[in-house]
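*Asks:* Predicted structure and sequence below. I'll ask about it afterward.
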Amino acid sequence: MLFYLLQTLNTALSEAAKLTSLFSNNENGNVIVEKQRGALQDCMELHESTLSLLKKTVSRIEDEHKKT
(Lines give C-alpha, C1' and ligand atoms only; values in the text may rest on other atoms or scores of the structure.)
Protein backbone atom coordinates (compact mmCIF):
# COMPACT_ATOMS: atom_id res chain seq x y z
CA MET A 1 0.00 0.00 0.00
CA LEU A 2 2.77 2.42 0.93
CA PHE A 3 4.62 1.67 -2.30
CA TYR A 4 1.48 2.45 -4.32
CA LEU A 5 0.99 5.73 -2.44
CA LEU A 6 4.58 6.83 -3.04
CA GLN A 7 4.37 5.81 -6.68
CA THR A 8 1.18 7.83 -7.12
CA LEU A 9 2.66 10.90 -5.42
CA ASN A 10 5.83 10.68 -7.50
CA THR A 11 3.74 10.42 -10.66
CA ALA A 12 1.84 13.53 -9.57
CA LEU A 13 5.15 15.34 -9.03
CA SER A 14 6.36 14.29 -12.47
CA GLU A 15 3.19 15.52 -14.15
CA ALA A 16 3.32 18.75 -12.15
CA ALA A 17 6.85 19.34 -13.41
CA LYS A 18 5.44 19.37 -16.94
CA LEU A 19 3.12 22.21 -15.91
CA THR A 20 6.06 24.09 -14.44
CA SER A 21 7.69 23.92 -17.84
CA LEU A 22 4.54 25.22 -19.54
CA PHE A 23 4.31 28.14 -17.11
CA SER A 24 7.96 28.98 -17.72
CA ASN A 25 7.53 28.91 -21.48
CA ASN A 26 4.54 31.24 -21.25
CA GLU A 27 6.57 33.83 -19.36
CA ASN A 28 9.30 33.78 -21.99
CA GLY A 29 7.46 34.93 -25.04
CA ASN A 30 3.78 34.30 -25.48
CA VAL A 31 1.69 37.44 -25.30
CA ILE A 32 -1.36 37.07 -23.10
CA VAL A 33 -4.27 39.38 -22.62
CA GLU A 34 -4.02 41.46 -19.45
CA LYS A 35 -7.17 39.84 -18.05
CA GLN A 36 -5.54 36.44 -18.41
CA ARG A 37 -2.38 37.56 -16.62
CA GLY A 38 -4.08 37.53 -13.19
CA ALA A 39 -5.64 34.13 -13.78
CA LEU A 40 -2.31 32.74 -14.94
CA GLN A 41 -0.59 34.15 -11.86
CA ASP A 42 -3.23 32.53 -9.64
CA CYS A 43 -2.68 29.20 -11.39
CA MET A 44 1.07 29.49 -10.99
CA GLU A 45 0.76 30.21 -7.27
CA LEU A 46 -1.62 27.29 -6.77
CA HIS A 47 0.72 25.07 -8.77
CA GLU A 48 3.70 26.07 -6.61
CA SER A 49 1.71 25.32 -3.45
CA THR A 50 0.63 21.96 -4.83
CA LEU A 51 4.21 21.02 -5.72
CA SER A 52 5.43 22.02 -2.29
CA LEU A 53 2.76 19.96 -0.53
CA LEU A 54 3.39 16.93 -2.74
CA LYS A 55 7.13 17.09 -2.01
CA LYS A 56 6.54 17.43 1.73
CA THR A 57 4.11 14.53 1.70
CA VAL A 58 6.53 12.25 -0.14
CA SER A 59 9.34 13.23 2.21
CA ARG A 60 7.27 12.58 5.34
CA ILE A 61 6.07 9.22 4.11
CA GLU A 62 9.59 8.16 3.18
CA ASP A 63 10.89 9.33 6.59
CA GLU A 64 8.17 7.38 8.40
CA HIS A 65 8.87 4.32 6.30
CA LYS A 66 12.59 4.47 7.19
CA LYS A 67 11.72 4.49 10.89
CA THR A 68 9.80 1.23 10.63
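*Replies:* Okay, I see it. Numbering: from 1, shown residues only.
*Asks:* so which strand or helix has the one residue sitting closest to the centre of the chain?
*Replies:* The geometric centre of the chain, computed from its C-alpha atoms, lies nearest to residue 51 (C-alpha atoms, centre = their mean), at 3.0 Å. Element membership of residue 51, judged by DSSP states H and E, is helix 34-67.
*Asks:* how far is that helix from where the chain is centred?
*Replies:* Helix 34-67 sits 5 Å away from the centroid of its parent chain (C-alpha atoms, centre = their mean, to the nearest Å).
*Asks:* Check stretch 4-22 too.
*Replies:* Per C-alpha atoms, centre = their mean, the centroid offset for stretch 4-22 relative to its chain is 7 Å.
*Asks:* which residues sit against that stretch?
*Replies:* Stretch 4-22 is contacted by residues 47, 50-51, 54-55, 57-58, 61-62 when judged by C-beta atoms under 8 Å, 6 or more residues apart in numbering. No exception for glycine: its C-beta is placed from N, CA and C like everyone else's.
*Asks:* so where's this protein shaky on pLDDT?
*Replies:* When residues are selected by pLDDT under 70, those of the chain lie in 23, 25-35.
*Asks:* check contacts around the residue of it positioned farthest from its centre.
*Replies:* What lies farthest from the middle of the chain is residue 68; by C-alpha atoms, centre = their mean that is 28.0 Å. Residues near residue 68 by C-beta under 8 Å, 6+ apart: none.
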